[in-house]
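> Would you be able to build a 3D model of this:
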Amino acid sequence: MNRCLVTALALVLVPGVMLAQDRRDKEQTYVMEHPYKVTKITPPQGKKVKNVILMIGDGMSLMHVYSAWTANRGKLFLTDNCQAVGLSKTYCADRLITDSGASGTAMAIGQKTLYHAVGVDTLGNPQPSLVNLAADKGLSTGIVVTCRLWDATPADFCCHNIDRDQEEAIVADYVNSPVQYVFGGGAKLFKNRKDGRDLFTELRAKGYQMPKTWEELAQIRSGKVFTVPYEVDAPVPAERGDILARASLKGIDLLDQNKKGFFMMIEGSQLDDYGHFNDLNMLMQEMHDFDRTIGAIYEWAARDGETLVIVTADHETGGLTLVGGELKEGKIVGKFSTGDHSGVMVPVYAFGPGAEEFTGIYENSDIFHKIKKLLGL
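Down below sits the predicted model:
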């Protein structure tokens, strides 16, 4: 994300927020007053992989996970239930420190690409993503995010552009994507565009149902769905509630009607924002929202028996270090070292059949190839 834009967004989205540079290198304390219960989820015993759900915590590092674990008194759905853990190398084709465009693209198309590129190779050529390949084989596909749909991670799986800042052009690519279920923000660039197009009308003409609210979405029982209830990003966790989990489970319910299976990408999008803002409080709120969503997905996958869930990150954001705290109190003391991304490997967690494929240390692009193999794409 552009540094100037990050600062501007911080002031607009979080009233009274200090500038990130004023926070940096200062210790921040967070105490989770109301920890949530984490249950033990028994993983399925079968070997068949019919469905794959890839969950991306944007900007999430091992330090983010351990801090959230500490704040919730030593419990997370993610850490307490995963069957396998690996590490992913996040550098991109032309930089050591990547962005969500290049890193998400590596997972989406199986190739390292240029910084700021989405869905293309290093020459700018569009490449088929896991969404395309799954659709070609007759599987259903979906994406669920809390950010605007022109942001890098969702665009990596559905759109193609050498520059993630070409926002209007990127959004227009959704009209040509085979994705069947979409939930995210960014309504303002689907209408009132400089080119005069109304992308909602075009999507409706392609057979998509276009609910504008959760209540409308909840009533849909089948078919293609494209839901964009927010002008830009979803509200903060305290305002939006468990919409990430609800929208994800609704998508699963629709996609699972396909007997051939499905591929879905779910992103905890705004972890990245609060890493950029160096805001430990809001970062932990996003982490715990993402973890509760992981718990809901794990529980569904355990009942289904043929679904592999992979949880990872595209990169680390903020250079968070846990420097103190108290486990019994759910207290953490953290410091940030940057308002941007840092260059560390990120964890990969797996749950369900095929989980053993995700141990070890490997390139982020290998996640694509592992999923492709397991789904037989």
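> show me where the stretch 1-150 of the chain has strands.
For the stretch 1-150 of the chain, strands defined by DSSP state E, counting those that start in this stretch occupy the ranges 28-31, 51-57, 84-89, 140-148.
> Give me the contacts around stretch 328-338.
Contacting residues not belonging to stretch 328-338 are listed as 20, 23-33, 35, 67, 70-73, 275, 278, 280, 284, 318-325 [C-beta atoms under 8 Å, 6 or more residues apart in numbering]. All C-beta spots, glycine's among them, are computed from the backbone N, C-alpha and C.
> er, stretch 120-139 I mean
With C-beta under 8 Å, 6+ apart as the test, stretch 120-139 has contacts from 54, 93-94, 105, 107-109, 111-114, 117, 119, 140-141, 143, 156-158, 160-162, 177-180, 258, 260-263, 265, 368, 371-372, 375-377.
> Show me which of those residues are buried.
Applying 16 or more other C-beta atoms under 10 Å to those, the neighbour count classes 54, 93, 105, 107-109, 112-114, 117, 119, 140-141, 143, 156-158, 160-162, 177-180, 261-263, 265, 368, 371-372, 375, 377 as buried.
> Tally up the residues packed near the nearest residue to residue 79 once chain neighbours are set aside, please.
Spatial nearest neighbour of residue 79, chain neighbours left out: residue 69 (5.6 Å); criterion: C-beta to C-beta, 6 or more residues apart in numbering. Neighbourhood size, residue 69 [other C-beta atoms under 10 Å]: 20.
> got a pLDDT number for residue 69?
According to the prediction, residue 69 has pLDDT 98.
> go on, residue 162?
98.
> Please apply the same query to residue 21.
Note on residue 21: pLDDT of 67.
> if we can go back for a sec, cross the buried ones among the contacts of stretch 120-139 against helices and list the overlap.
Using DSSP state H, 105, 107-109, 156-158, 368, 371-372, 375 are the members of the buried ones among the contacts of stretch 120-139 that sit in helices.
> export these to CSV and tack on pLDDT and distance to residue 171?
Shown next, in CSV, are those (pLDDT from 0 to 100; distance: C-beta to C-beta, whole Å):
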residue, pLDDT, distance to residue 171
105, 98, 17
107, 98, 21
108, 98, 17
109, 98, 19
156, 98, 14
157, 98, 14
158, 98, 10
368, 98, 24
371, 98, 26
372, 98, 27
375, 98, 28
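> Distance to residue 250 for these - can I get that in a markdown table?
Listed next are these as a markdown table, based on distance: C-beta to C-beta, whole Å:
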| residue | distance to residue 250 |
| --- | --- |
| 105 | 27 |
| 107 | 24 |
| 108 | 23 |
| 109 | 27 |
| 156 | 22 |
| 157 | 19 |
| 158 | 19 |
| 368 | 26 |
| 371 | 22 |
| 372 | 26 |
| 375 | 22 |
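> Give me the three-state assignment for residue 246.
Per DSSP: H, G, I helix; E, B strand; the rest coil, the local secondary structure of residue 246 is helix.
> Nearest spatial neighbour of it, chain-adjacent residues omitted?
residue 214 (6.7 Å).
> thinking again about what came up before, taking the contacts of stretch 328-338, please make a ChimeraX selection of just the buried ones.
Remark: buried members of the contacts of stretch 328-338, expressed as a ChimeraX selection using 16+ other C-beta under 10 Å:
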select :20,23,28,30,32,67,70,71,72,275,278,280,284,318,319,320,325
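> Check the average confidence over the helix or strand harbouring residue 292, would you?
In this structure, residue 292 sits in helix 280-304 according to DSSP states H and E. The pLDDT scores in helix 280-304 average 98.
> For that helix, list every residue counted as buried.
Within helix 280-304, the residues scored as buried using 16+ other C-beta under 10 Å are 280, 282-298, 300-302.
> ok now that helix, how far from the chain's centre?
Relative to its parent chain, helix 280-304 has a centroid offset of 11 Å by C-alpha atoms, centre = their mean, to the nearest Å.
> show me what contacts residue 257?
Each residue near residue 257 by C-beta under 8 Å, 6+ apart is listed here: 140, 222.
> And it, its phi and psi?
When read as degrees, to the nearest 10, the backbone of residue 257 gives phi -70, psi -20.
> Give me the distance between residue 276 and residue 170.
Taken as C-beta to C-beta, to the nearest Å, the spacing of residue 276 relative to residue 170 amounts to 20 Å.
> With residue 63 instead?
Shown here: residue 63 relative to residue 170, a distance of 31 Å by C-beta to C-beta.
> which one of those two has more residues nearby?
Taking neighbours as other C-beta under 10 Å, residue 63 and residue 170 compare with residue 170 leading, 26 against 17.
> so the more buried one, which of the three states?
Quick answer, by three-state DSSP: residue 170 is helix.
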